[in-house]
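Asks: based on what follows, work out the 3D shape:
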Amino acid sequence: MKKLSNGLPLGVDPVSRFLTLKVGLLVLLATLSLAVGMVMSSVAESLQRSLSGTLTVQVPAGLEQQSATESIIEILRATPNIRDVREIPDREINEALEPWLGAQAPILDLPLPALVDVAIESGQTVDIQVLTKKLSAVAPGTVVEEHSMWLGRLMDITNTVETVSMSVMLLVLISVVITVVFSTRTWMAVNREAVEVLHLIGAHDSYIAHQFQKHTFWLWSVGAAGGFALGTSFVLLIQFYIGRLSDSFLLDLTLGDIQWAALCLLPATAIIIVIATVGFTVKSVMRSFM
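Replies: Model prediction:
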């Protein structure tokens, strides 16, 4: 049997428990969607910042690889619109290969190409075909890889994932509002007699709305806290395993301090939306009672 609370029988019944569980699932989904969206945004910014305006020159393995690499570096430094040229050390190449080949990568003596990192002046371009022909004349088989050719595709993928994640979060918030409206209307329909009695003895609409808001606040707070805790646990677990792989050239897929702060605002924002929606719904239904 429900207990009267401030004149309204708003006890915790099976329907309320189901609503709390539903709230937890919605907040869990919103937390994961927001986290994925923010990570994809960071990845896109990192890619744009680190790979735009850069080239990688691959000098094929061979007996004359070292001398060919030195000659290619000289040509690159003399090429207009090129700002910086750096040969990537073997140590960095071995570290990049370690996740796949293991710690024995340096002793396998694989015929790896020499890699040269090239930075282009901001706002300038280099004719890749002409440059490739010039370098191939020094070391046949030399490959010039322009990052912007596949950076655009990768940016499209990250932007698509970010848009989908944010859209899912928006749909979740809309679902929250719809759920609140229907649950509040249901509670008021079930407790209509008690509401009308309170109204007849002088209770204002704002007082009745406050009782529903207080009842809803506790139910949604429990659900939101549980869903957010579970969601952040998933994020931390994934971030922990990804962090163990991000020491090489892999992208940093972890959340920063500002992103964590934004993520922590999610349950509070959801509760504020819920409380505002409950107050508006109760006052709207009260006008229909009169």
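Asks: off-centre distance for the longest helix that the chain contains?
Replies: Criterion DSSP state H: the longest helix present in the chain is helix 147-190. Per Cα atoms, centre = their mean, to the nearest Å, the displacement of helix 147-190 from the mean C-alpha position of its chain is 12 Å.
Asks: that one packs against which elements?
Replies: helix 14-51, strand 54-59, helix 205-243, helix 257-289 (3 or more Cβ pairs under 8 Å, 6 or more residues apart in numbering; DSSP states H and E). C-beta: built from backbone N, CA, C; applies to glycine.
Asks: most tightly packed of these?
Replies: The highest mean neighbour count among those, using mean count of other Cβ atoms under 10 Å, belongs to strand 54-59: a mean of 20.
Asks: between that strand and helix 147-190, how big is the angle?
Replies: Interaxial angle, strand 54-59 versus helix 147-190 (axes from the mean of the first three to the mean of the last three Cα atoms, to 10 degrees): 130 degrees.
Asks: next secondary structure element downstream of strand 54-59?
Replies: helix 65-78 (DSSP states H and E).
Asks: in that next one, which residues are buried?
Replies: Within helix 65-78, the residues that count as buried by 16 or more other Cβ atoms under 10 Å are 65, 68, 69, 71, 72, 73, 75, 76.
Asks: show me how this structure divides into domains.
Replies: Following automatic domain parsing, one finds the domains of the chain at 14-48+152-289, 61-141.
Asks: helix or strand for residue 85, which one?
Replies: Here residue 85, judged by DSSP H and E, is contained in strand 82-87.
Asks: mean confidence (pLDDT) on that strand, please.
Replies: Looking at strand 82-87 alone, the average pLDDT works out to 85.
Asks: then stretch 139-152?
Replies: Taken as a whole, stretch 139-152 carries a mean pLDDT of 76.
Asks: do stretch 224-236 as well
Replies: Rounded mean pLDDT across stretch 224-236 is 88.
Asks: over to stretch 19-37?
Replies: 85.
Asks: again, but for stretch 90-104
Replies: For stretch 90-104, the per-residue pLDDT averages 68.
Asks: so where does residue 132 fall, helix or strand?
Replies: Here residue 132 sits within helix 128-138, counting by DSSP H and E.
Asks: now stretch 139-147: buried residues?
Replies: Residues of stretch 139-147 classed as buried by neighbour count (16+ other Cβ under 10 Å): 139, 142, 144, 146, 147.
Asks: does the second one touch residue 60 like I think?
Replies: Yes: under the criterion of Cβ atoms under 8 Å, residue 142 makes contact with residue 60 at 6.7 Å.
Asks: just list the residues touching the closest residue to residue 181 other than its chain neighbours, thanks.
Replies: Spatially, and ignoring its direct neighbours in sequence, residue 181 is nearest to residue 281 (5.2 Å; Cβ to Cβ, 6 or more residues apart in numbering). Neighbour list for residue 281: 180, 181, 184, 185 [criterion: Cβ atoms under 8 Å, 6 or more residues apart in numbering].
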